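S.K.: When you get a sec, could you give me coordinates for this:
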Amino acid sequence: MLQHALREWGGRSDLWVFAYASLIWRPDFAVAEQRTARVYGWHRALKMWSRVNRGTPDCPGLVFALLSGGSCQGAVLRVDRAVGATVLRQLWEREMVTGVYDPKWLDCQTSGGPVRARAFTLSRQSPNFTGALPAQRYREIFSVSCGRYGTTLEYAQQTLRTLQQHGVDDVALRQLLRHAQ
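M.R.: Numbers count the residues shown, from 1 in each chain. Next comes the predicted model:
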């Protein structure tokens, strides 16, 4: 899939990446430009099991996924063409460790005009898709799940703070975090 993504991008222009969670606040690569962006037809949801980064196999945590339906405000990150292939490889190592995401090129709307960006989406058919979880399950996960990058709760709170700093009010995430109290 990485080779296919590299061919699709082609290296003839800068690389754009759509960030909707930790990529906004921890991209781990040089960002030449960042813009607030919205994608239509997709929404951010804390509905993907994490058994490495925010949980363990015995005590899975959650991470955000981009699921079909609705819309999502996040950011597009522009990477200089000269390092685009390297960054795409780094993104694959980071986001595709377990191969659960379905990477896609999405049309993103920004104040500077439309941008086509790489995004990591999740199919509802994936075994890592949680489906609907009851409030009690979110409370349990927020109180105990922890992986190599920290807790699910810290991850969700940092995402909310960063979105708010960018002027994005994610009402669904604010409501979800009430289960942590």
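S.K.: From now on I want contacts and neighbour counts done on CA atoms only, so please keep to that.
M.R.: Will do.
S.K.: Surely Thr151 and Gln158 touch.
M.R.: No: with contact defined as C-alpha atoms under 8 Å, Thr151 does not count as touching Gln158 (10.7 Å).
S.K.: which of those two has more neighbours?
M.R.: Thr151 (22 against 16; other C-alpha atoms under 10 Å).
S.K.: ok, the more buried one - contacts?
M.R.: Arg54, Gly55, Gly61, Phe142, Val144, Ser145 (C-alpha atoms under 8 Å, 6 or more residues apart in numbering).
S.K.: Among those residues, which one lies nearest to Phe18?
M.R.: The shortest separation between Phe18 and any of the contacts of Thr151 is 21.0 Å, and it belongs to Arg54 (by C-alpha to C-alpha).
S.K.: From Met1, how far out is the closest one?
M.R.: Spatial separation of Arg54 from Met1 under the definition C-alpha to C-alpha, to the nearest Å is 25 Å.
S.K.: out of the two, which sits in the busier spot?
M.R.: A direct count of neighbours by other C-alpha under 10 Å for Arg54 and Met1 places Arg54 higher, at 24 against 11.
S.K.: helices and strands of the protein: which one bottoms out on pLDDT?
M.R.: helix 2-9 (a mean of 70; mean pLDDT, DSSP states H and E).
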